[in-house]
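> Structure here, sequence nowhere to be found:
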């Protein structure tokens, strides 16, 4: 039985990760680390036997096998480094790390300590996404040529910290806006389906005011085998997810809860856009995470995937066409 500590007990930890751990007979969360006494108490109400700490440094080295980092993005690096130095495996919420140099330092440190460090790329484990991926790999639409992903939201997600409800719009904490938040998922899905990284990226970004994070984004990516378009919005009229995969022999459409492969439809519940925590996706991902903890070399492709996401996003920010008017996103 692997023993873990959750670092940062906000909404995603409580409602997304915790249920997956509780349902597993291979792992147990024995500690929660959070600077907030109120959030530590929330964790204790779920399991009174939990050890509660205000900082990761308070945990005895032999008490746990891994940490699960669920803090805001700017607070990922410190607990990640401390955990690796202690010889603990690391699972970390996206966007993983915000500094490429720091990311490479963590890569080298993890290899030196023989520990697994991997991101929460949970969208790959949504039932409708897994079904689409299986159909793609089976050749249902031939050779993949085009991917289109539209993630539409009416606003950014709420924070557990009501004194700071919009940290996702503060680049100092989030590392960016909707591109760093929802765009991260879209970028690793595109990599996953094309089985590679893009060779060219063009981006248009909209921000509502000076110094504010972008709330709309359009990216065009060129891969060796085809292209992808990603549309993101926090100002949409309705909440929805739409994805299209076109190949040499047909196409797939994913419209929230409907997967259409050529002329056949299958419904999946709940819809892709239902909720923000996706406990069932985390539970589906957990066996692969635990396998990587037991064999750290299995974590390397996921680490590389996260590194590529950061590189693409930073390139998009550096070369983007920034606009003050709304982008032509299809609602």
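Ah, there it is. Not measured: the values here are computed from a predicted model.
> Which residues does stretch 66-74 contact?
Applying CB atoms under 8 Å, 6 or more residues apart in numbering, the set of residues contacting stretch 66-74 from outside is 2-10, 12-13, 17, 29, 33, 56, 76, 79-80, 83, 88-93, 95, 98, 116, 167, 172-175, 180, 293. Backbone N, C-alpha and C define where each C-beta goes, glycine included.
> Pull out the buried residues from those.
For these, a burial check counting by 16 or more other CB atoms under 10 Å picks out 2, 4-10, 12-13, 17, 29, 33, 56, 76, 79-80, 83, 88-93, 95, 98, 116, 173-175, 180, 293.
> Point out where the stretch 101-250 of the chain drops to low pLDDT.
Residues of the stretch 101-250 of the chain meeting the criterion pLDDT under 70: 156-166.
> Let me see the ranges of the strands in it.
117-119, 144-152, 200-206, 216-222, 227-233, 240-247, 250-255 (DSSP state E, counting those that start in this stretch).
> and these, which is most packed in?
Mean neighbour count, computed with mean count of other CB atoms under 10 Å, is highest for strand 117-119 among the strands of the stretch 101-250 of the chain, reaching a mean of 26.
> and it, which strands flank it?
strand 89-92 (parallel) (DSSP bridges).
> what residues does the strand it pairs with touch?
65-69, 76, 80, 83-84, 110, 115-120, 289, 292-293, 296.
> Now tabulate the strands of the stretch 101-250 of the chain in a markdown table and tack on distance to residue 105.
Putting the strands of the stretch 101-250 of the chain into a markdown table (distance: least, CB to CB, whole Å) gives the following:
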| stretch | distance to residue 105 |
| --- | --- |
| strand 117-119 | 11 |
| strand 144-152 | 31 |
| strand 200-206 | 25 |
| strand 216-222 | 27 |
| strand 227-233 | 29 |
| strand 240-247 | 35 |
| strand 250-255 | 37 |
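> For residue 284, find the nearest of these.
strand 117-119 (15.0 Å; CB to CB).
> Pull the residues that contact that closest one.
Contacts of strand 117-119 (CB under 8 Å, 6+ apart): 80, 84, 89-94, 96, 106-107, 110, 289, 292, 299, 302-303, 305-306.
> So which of those are in helices?
Among these, the ones falling in helices (DSSP state H) are 80, 84, 106, 107, 110, 289, 292, 302, 303, 305, 306.
> got a list of what the first one touches?
The reference is to residue 80. 69, 90, 92, 97, 106, 117.
> and if you look at the last one?
By CB under 8 Å, 6+ apart, the contact list for residue 306 reads 94, 95, 96, 97, 103, 118, 119, 121, 188.
> Residue 60: how many residues sit nearby?
9 (other CB atoms under 10 Å).
> Pretty sure residue 216 sits against residue 233.
Yes. Counting by CB atoms under 8 Å, residue 216 touches residue 233, with 4.9 Å between them.
> between those two, what contacts are shared?
178, 327, 329.
> I'd like the distance between the residue lying closest to residue 61 once chain neighbours are set aside and residue 240.
Among residues not flanking residue 61 along the chain, residue 86 sits closest, at 5.3 Å (CB to CB, 6 or more residues apart in numbering). Distance, residue 86 to residue 240, using CB to CB, to the nearest Å: 43 Å.
> Same check on residue 188?
From residue 188 to residue 240 the distance is 20 Å (CB to CB).
> any idea how far residue 273 is from residue 292?
29 Å.
> between the two, who's got more neighbours?
Neighbour totals were compared for residue 292 and residue 273, and residue 292 leads with 23 against 17 (other CB under 10 Å).
> residues in contact with that one?
Contacts of residue 292 (CB under 8 Å, 6+ apart): 89, 116, 118, 298, 299, 302.
> Let's see the pLDDT reported for it.
Listed pLDDT for residue 292 reads 98.
> For residue 178, see how far away it is.
29 Å.
> what's around residue 143, how many residues?
Neighbour tally, residue 143, other CB under 10 Å: 11.
> The closest residue to it other than its chain neighbours: what's it in contact with?
In this structure, residue 143 finds its nearest non-sequential neighbour in residue 248, 4.4 Å apart by CB to CB, 6+ apart. By CB under 8 Å, 6+ apart, the contact list for residue 248 reads 141, 142, 143, 145.
> Hmm, residue 224 and the third one touching each other?
Think residue 143. No. Residue 143 is beyond contact range of residue 224, at 11.5 Å (criterion: CB under 8 Å).
> how long is stretch 236-243 end to end?
Start-to-end span of stretch 236-243 (CA to CA, to the nearest Å) is 16 Å.
> I figured residue 299 was touching residue 116, is that so?
Yes. Using CB under 8 Å, residue 299 is in contact with residue 116, at 3.7 Å.
> okay, and the common contacts of these two?
110, 292.
> secondary structure element for residue 282?
Here residue 282 sits within helix 279-294, counting by DSSP states H and E.
> what's the neighbour count on residue 274?
The burial count for residue 274: 12, using other CB under 10 Å.
> three-state assignment of residue 16?
Here residue 16 is recorded as helix under DSSP: H, G, I helix; E, B strand; the rest coil.
> Would you mind measuring from residue 208 to residue 324?
Counting by CB to CB, the gap from residue 208 to residue 324 is 9 Å.
> okay, these two: which has more neighbours?
The residue with more neighbours, out of residue 208 and residue 324, is residue 208; 15 against 9, by other CB under 10 Å.
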